[in-house]
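Asker: Provided below are the primary sequence and the corresponding predicted coordinates.
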Amino acid sequence: MQDLASTRIADLVDPEDVAAVVHEPDGGYADPVHATEAFVAAFKELGGEFRSKTPVEALTGDSKRVTGLKVRGETIEADLVVSASGPWAGRLGESVGIGMALRIVREQDTVWEARPGRPVPEGPISSAVDAIYLRPLGNRRFVVGRGFPKRIL
């Protein structure tokens, strides 16, 4: 338990009836917004073109080779197309004959702010028993979300 106290998990969790705890001092998480922004910046540095708020209507080519995409009726040819379209990937794939089996789940997080004097998690914590996770956001705030399994939409 001494190691747990240094991570402040002991301040946040009642260890009674807890069978095991895993502590990863070098573990972490990826912030999806910052990760996406970093990928876009690297893509632009390599000469890629990024268009924000521009829905793709369809891909062009066929199931063997995607050659571009259609945006607002305009066909844009490309040597390489990366689909980062999330739940819309199936519809876009179908436009060139690529079938994808997708499992779409709803992600819902809540942001909490701790009162002064209350412990705040210093790192990410998850509970497989309760299927929840939390991670710090800074300024006494932390996010809480539902883990897996999630209800399929």
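Answerer: Received it, and whenever you're ready, just let me know what you need. Numbers count the residues shown, from 1 in each chain.
Asker: Spatially central, which residue of this structure would that be?
Answerer: P32 (4.7 Å; C-alpha atoms, centre = their mean).
Asker: For it, what are phi and psi?
Answerer: Main-chain torsions, P32, degrees, to the nearest 10: phi -60, psi -40.
Asker: What does the pLDDT read for A42?
Answerer: If you check A42, the pLDDT there is 97.
Asker: So it belongs to a strand, correct?
Answerer: No. Under the criterion used here (DSSP: H, G, I helix; E, B strand; the rest coil), A42 is helix, not part of a strand.
Asker: going on from the one helix or strand L69 maps to, what's the next piece of helix or strand?
Answerer: According to DSSP states H and E, L69 maps onto strand 66-71. Heading C-terminal from strand 66-71, the first helix or strand you meet, by DSSP H and E, is strand 74-77.
Asker: Which neighbouring elements make contact with that next one?
Answerer: Contacts defined by 3 or more C-beta pairs under 8 Å, 6 or more residues apart in numbering; DSSP states H and E place strand 74-77 against strand 66-71. Using the backbone N, CA and C atoms, a C-beta is placed for each residue, glycine as well.
Asker: elements contacting the strand it packs on?
Answerer: Strand 66-71 sits against strand 58-61, strand 74-77, with contacts defined as 3+ C-beta pairs under 8 Å, 6+ apart.
Asker: Once you drop chain neighbours, what's closest to F39?
Answerer: A84 (7.9 Å; C-beta to C-beta, 6 or more residues apart in numbering).
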